[in-house]
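> How does the following fold in three dimensions:
(chains A and B)
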Amino acid sequence: MTDTIEVSALHKRYGHNVALHELDLRVRPGTVFGLIGPNGAGKTTTLRTLLDIIRPSSGTVRVLGEDPRRGGPALRRRIGYVPGELHLEGRASGHRLLAFYAEVSGSTGSSGPVLGTARDLADRLGVDLNRPVRTLSKGNKQKVGLIQAFMHRPELLILDEPTSGLDPLMQREFLAMVREARDAGQTVLLSSHVLSEIQQTADEVAVLAAGRIVADGDVASLRLGSVRRIRVRIGGADAAAAHAAFERIPGIAGVDASSAADASGGVQVAATIEGAIDPFVKALAQYEVQDLTVEEPDLEESVLRLYGNPSPASATAPTSAPTRRPRRSRGRDGREGDRG
Amino acid sequence: MGSILPVFRRSIRESWRSVLGWTIGIAAVLSLYLPLYPSLGGSDQLQGLIDAMPKQLVETLGYDQIASGAGYTESTFYGLMGFLLLTITAVLWGSALAAAEEGGRAELDLAHGIGRSQYALETALSVLVRLLWLGAFAGLVIWAMNGPAELELEPVRIIGASAALTGLAFLTAAAALLAGAATGRRAWATGIGAGIAVLGYILHALAKQSSDLEWLNAVSPYSWVFGQSPLAEGVDLGGLALTWGVGLVLAAASALALRGRDLRG
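The predicted model follows:
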């Protein structure tokens, strides 16, 4: 079975600026693929290339078996897209806007069923389609953006930072929509700089940094989530003893223990833990835990921490990342000269 | 698929207010100027005033012919206020492609089932239809006022003059569309469109000043259509065809320009 998206050696240059370096990407049909990376890593550039909004400088791109450049409107009708920066302007109502896109991208024949789906999605996300789109809040515009991508049930959904502007409740609804799409056999490629969003939906992940894929594999095997920031308040201990005890936990760093500001007699401990969380939990069990927060650091921090500053030399640096990308060995028209 | 000219229809639907506004503006200008002709155009007083003005100024404004209904209508409307109004609308509407791209709408539109050429051409068609309406409307109003204002215009020449004015405006709009399609920048679209219209007018005015400069008429679209008075002598069919032809070529080129490049994000 051919992959829904096959990108190989995709290179994109803007003048002297290289936005994408020899990017390889494969998305299998019926899966959710997450593209994560810090802002400016090249996520949007990659996604736009798939829709022929921008063209590769070199390399090949296949979407649903076709070259986006040649596939044209017929190919794009099979794709739903949410741009990274969604601008909805004009006097037209949400209904009007969706009716237009249903008309141009709906399957042949009437756009009635598509608009029916659009109305259901609008109810679900709670957005008023009677209002002119320009008067909608950012979150509500984003919902309209999601609806126009999902409503015609395209084979492939390409979603660039789809949850930006959505409140947590709606983010959850969105994640449910993505899972339903996968269950219905649709393929989803979504980009994000929020790791948890990807962790909750994606089957596979690629980490993009400075125009290169620095790691890919299934979500669990990526160690991105393995750095955690913890804050805990424990009772019945003094700060110095707690400090010493926590220092012994494997993977812990930056331990800071201090007596709590209030009169409870507790001790506040803050630290970061890399790797397994279990030793920490076990160690914690002997105390009276009054409060506990475990949070993931932001993605940018994780990527930089694990994969370093991905210059050509250090891009292959990490020690135990999942499927490390082998340096490409296939001869490629002498384009190696583009590097550095 | 299955729907005809969706972008064109959306554009018309979204711009009817603007079209209505410009229509009212044209009606206002015409009903302000034309009824004055019987008391102004033919009067000796006005002729005396014009004789006292510098010859170059009179020729630039086309006032040398103002004593006839045809000369009056041309120098007040077709060559001046009508030209101005239609040029402004042409530049504004011609910037639509660039505006859609700068505003981010083009990215979403073109991620759907719309081809790039289709997008540019349907946008151009929408501008064309709206300009045709304004030109036809102006012609109708002039025709209706022909008798009451004692202009004594030949109806068929009103058609010619309106076709000339509309063609000139379309050329301007198409230049703006092409600039927008090639750069994705509204500033370029507006600048090129307005620049071509203004330059054409200036070259035409200069060409009138001396026989050494008459060659400038060859490069001024304004001269192509108004070099020979469309109302007094009948429109210059060659110039009319050239103007419309260039406009259509520019519009077609905008489709190619938009196809060939990355959209701006």
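
> Counting neighbours, what do you get for A:Arg172?
As a burial measure, the neighbour count of A:Arg172 was computed by other CB atoms under 10 Å in any protein chain shown and equals 13. C-beta: built from backbone N, CA, C; applies to glycine.

> Tell me the spacing between B:Ser18 and B:Ile88.
Relative to B:Ile88, B:Ser18 is positioned 11 Å away (CB to CB, to the nearest Å).

> which one of the two has more residues nearby?
Comparing B:Ser18 with B:Ile88 by neighbour count (other CB under 10 Å), the higher total belongs to B:Ile88, at 17 against 13.

> Is that one in a helix, a strand, or coil?
For B:Ile88, the secondary structure call by DSSP: H, G, I helix; E, B strand; the rest coil comes out as helix.

> what number of residues lie near B:Met145?
B:Met145 has 19 neighbouring residues, counting by other CB under 10 Å.

> Name the nearest residue to it, ignoring sequence neighbours.
What sits nearest to B:Met145 in space, not counting adjacent residues and going by CB to CB, 6 or more residues apart in numbering or on different chains, is B:Leu34, at 4.8 Å.

> For the one you found, which residues are in contact?
When contacts are counted by CB atoms under 8 Å, 6 or more residues apart in numbering or on different chains, B:Leu34 touches B:Thr73, B:Thr76, B:Phe77, B:Ile142, B:Met145, B:Ala149, B:Leu151.

> Keep only those of the residues you listed that are in helices.
B:Thr73, B:Ile142, B:Met145 (DSSP state H).

> for the residues you listed, which one is nearest A:Arg28?
Of all these, A:Arg28 sits closest to B:Ile142, with 67.5 Å by CB to CB.

> how far away is that closest one from B:Asp44?
Between B:Ile142 and B:Asp44 the distance is 25 Å, computed by CB to CB.

> Give me the buried positions along stretch A:51-59.
When neighbours are counted by 16 or more other CB atoms under 10 Å in any protein chain shown, the buried residues of stretch A:51-59 are found to be A:Leu51, A:Asp52, A:Ile53, A:Ile54, A:Pro56, A:Ser57, A:Gly59.

> Closest one to chain B out of those residues, please.
Within the set of the buried residues of stretch A:51-59, A:Ile54 lies nearest chain B; the separation is 3.9 Å, counting by CB to the nearest CB.

> What does the pLDDT read for the closest one?
A:Ile54 is assigned a predicted lDDT (pLDDT) of 94.

> can you check A:Ser302 too?
pLDDT for A:Ser302: 66.

> and if you look at A:Gly217?
82.

> Tell me how many other residues crowd it.
Residues near A:Gly217, counting by other CB under 10 Å, number 15.

> pLDDT weak spots in the chain?
Let's take chain A. Flagging of chain A using pLDDT under 70 yields the residue ranges A:1, A:107-110, A:222-226, A:263-264, A:297-340.

> my bad, the chain I had in mind was chain B
Applying pLDDT under 70 to chain B picks out residues B:1-2, B:41-42.

> For it, give the residue positioned nearest to chain A.
In chain B, the residue found nearest to chain A is B:Gly104; the distance is 3.3 Å by CB to the nearest CB.

> residue contacts, the nearest residue to that residue once chain neighbours are set aside?
In space, B:Gly104 comes closest to A:His87 once its chain neighbours are excluded; the distance is 3.3 Å by CB to CB, 6+ apart. The contact partners of A:His87, by CB under 8 Å, 6+ apart, come to B:Gly103, B:Gly104, B:Arg105, B:Leu108.

> Tell me the buried residues in the helix or strand harbouring the last one?
Looking back up the chat, that one is B:Leu108. Element membership for B:Leu108, per DSSP states H and E: helix B:105-111. With burial defined by 16+ other CB under 10 Å, the residues of helix B:105-111 counted as buried are B:Ala106, B:Glu107, B:Leu108, B:Asp109, B:Leu110, B:Ala111.

> Go back to those and keep what's next to chain A.
Among the buried residues of helix B:105-111, the ones lying close to chain A by the criterion of CB under 8 Å from any CB of the partner chain are B:Glu107, B:Leu108, B:Asp109, B:Leu110, B:Ala111.

> ok, the second one - contacts?
Right, the one you point to is B:Leu108. In this structure, B:Leu108 makes contact with A:Tyr81, A:Pro83, A:Leu86, A:His87, A:Gly145, A:Gln148, judged by CB under 8 Å, 6+ apart.

> if we can go back for a sec, ok, and the most crowded of the contacts of B:Leu34?
Taking other CB under 10 Å as the neighbour criterion, B:Thr73 ranks highest of the contacts of B:Leu34 with 31 neighbours.

> B:Leu231 is in contact with that one, correct?
Yes - contact between B:Thr73 and B:Leu231 holds when scored by CB atoms under 8 Å: they sit 5.8 Å apart.

> which residues are in contact with both of those two?
Listed as contacting both B:Thr73 and B:Leu231 by CB under 8 Å, 6+ apart are B:Leu153, B:Ala161.
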